[in-house]
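**Q** predicted model and sequence below, questions to follow.
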Amino acid sequence: MTAAPVLVSHADDVTTLTLNRPDKLNAFNEEMHGALRKGLESAPANGARAILLTGAGSGFCAGQDLSDRLAGNAGPPDLGATLDSYYNPLVRAIRDLPIPVVCAVNGVAAGAGANIALACDIVLAARSAKFIEAFARIGLIPDSGGTWFLPRLVGEARAKGLALLGEAIEADTAEHWGLIWKAVDDDALLEEASTLARRLAAGPTQGYARIKQAMHAASANDLTAQLDLERDLQREAGRTPDYAEGVRAFMEKRKPGFTGKA
Ligand code: LHQ
C-alpha cells in the first residue's frame, strides 16, 4: 500500500496537514495536490479554527515533481494548464480559507513549494530551512503567486534578485527581509508552530476571517475603498459574540473565552 501523500490530523480545533512524499522532498504530484486541496477545503467544515501546514522528512516542499515533467514525444507541455488545474486553485484555496493557516517550513522550500508557503498567513521556518525561487534555474518564472507575493513582501529589488538568480536564502534572512514571520531553532519549530496554531484556533475566528479579507483586498484598493471596507467589516465584527466577550473580559480583567461563532 502506498503512503498517503498528505497526512491529516485534528486536535484542539487545529487541522494539521503534513506533505508526505519525503523521498522527493515533498514535491507535488497530482495525488498530493488532490489530497492537500481536500484537506484544506474540508477543514473548516470539520470544525477546524486554524490549519497547520508542514512537511514530512527533511524538506518542506521542492515544488513540482520534475520526474513527472520530462518532455516526451508529444511536443512541449502546456504548463499553463497545469497551473490552471492544480497550483492556482491551491493558492486560492489557501488564501480564501476563512481561518488562519500557519506554515511550518521544516526544510527546503523550493519553486512552487516556496510560494505555497508564502501564500499562508503566518510562516515559521526552521533555522536550517532554505527558500529557493528555483524556477529560473529551469527556464521558468515564479508561479503559484510568486511574482505577486515576492515584491509585496520584500520589495522589487529583492524580489527580482530572488527570482532571477534562483539562489537559496536562509530562514534568518527570510525573516530579516520580511518574507516570513519568524525563523526558529529546528527542534523548536513544530512545538512553536503548533502552539501558535492552537492559540489562533482559540481566538476570535470571525474577526480573523475579516482581518484576512481586509488585508487581501488592500493591495487592489485605494485608501478610500479600503476605509469603506474596514467600516463594513468592523460593523460585522462588532456584531459577533466574540467582540462582546472580548470587551466583557477586558472590563472584568480576565482572559476572554472566544467561541469563534458568527
Ligand atoms: C525531486 C525534486 C523535484 C522530483 C528534489 N522533483 N524530485 C509548475 C507548473 C508545472 C511544471 C513545472 O513546475 C511548476 C512549479 C515548480 O515548482 S518549478 C520548480 C520545481 N522545483 C525545482 O526546480 C527544485 C528541484 N530540486 C532541487 O533543486 C533540489 O532538490 C533542492 C535544492 C530543493 C534540494 O537539494 P538537496 O538538499 O541537495 O536535495 P536533492 O537534490 O538531493 O533531493 C533529494 C531527493 O529529492 C533527490 O532524489 P534522489 O532519488 O536522488 O535521492 C531529488 O531528485 C528529489 N527531488 N526535488 N522537484
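**A** Sure, I can see it.

**Q** so which residues on this protein come close to the ligand?
**A** Counting by CB under 6 Å from any ligand atom, the residues of the chain close to the ligand are 24-25, 27, 62-67, 69, 79, 82-83, 87, 108, 110-112, 132, 134-135, 137-138, 140, 143. In this view, the C-beta of every residue, glycine as well, is placed from N, C-alpha and C.

**Q** please name the nearest non-neighbouring residue to residue 165.
**A** Excluding its sequence neighbours, the residue lying closest to residue 165 (CB to CB, 6 or more residues apart in numbering) is residue 136, at 7.4 Å.

**Q** also residue 164?
**A** With sequence-adjacent residues excluded and distances taken as CB to CB, 6+ apart, residue 164 is closest to residue 136, at 5.9 Å.

**Q** hmm, back to that, so which of the residues of the chain next to the ligand are in helices?
**A** 79, 82, 112 (DSSP state H).

**Q** how close does the first one get to residue 137?
**A** In this view, residue 79 and residue 137 are 15 Å apart by CB to CB, to the nearest Å.

**Q** swap in the second one?
**A** Taken as CB to CB, the spacing of residue 82 relative to residue 137 amounts to 18 Å.

**Q** of those two, who's got more company?
**A** For residue 82 versus residue 137, neighbours defined as other CB atoms under 10 Å are more numerous around residue 82 (19 against 13).

**Q** enumerate every residue touching the more buried one.
**A** residue 64 (CB atoms under 8 Å, 6 or more residues apart in numbering).

**Q** against residue 64, how distant is it?
**A** Where residue 64 is concerned, residue 82 sits at a distance of 8 Å (CB to CB).

**Q** same question, residue 51
**A** 22 Å.

**Q** now do the helices in the protein.
**A** Secondary structure of the chain (DSSP H): helices at 30-42, 79-82, 88-96, 112-119, 146-154, 156-165, 171-177, 189-201, 205-218, 223-237, 241-251.

**Q** who's in contact with residue 261?
**A** Residues in contact with residue 261 (CB under 8 Å, 6+ apart) are 205, 206, 240, 241, 242.

**Q** do the same with residue 240
**A** 204, 206, 207, 261, 262.

**Q** again, only using 7 Å
**A** Contacts here follow CB atoms under 7 Å, 6 or more residues apart in numbering; on that basis residue 240 touches 206, 207, 262.

**Q** what about residue 164, how many neighbours?
**A** Applying other CB under 10 Å, I find that residue 164 has 12 neighbouring residues.

**Q** my guess is it contacts residue 133, does it?
**A** No - assessed by CB atoms under 7 Å, residue 164 is found out of contact with residue 133, at 8.7 Å.

**Q** what's opposite the residue in the stretch 151-262 of the chain that the ligand sits nearest to in the beta bridge?
**A** Nearest residue of the stretch 151-262 of the chain to the ligand, counting by CB to the nearest ligand atom: residue 168, 6.9 Å away. On the basis of DSSP bridges, residue 168 takes part in beta bridges with residue 132.
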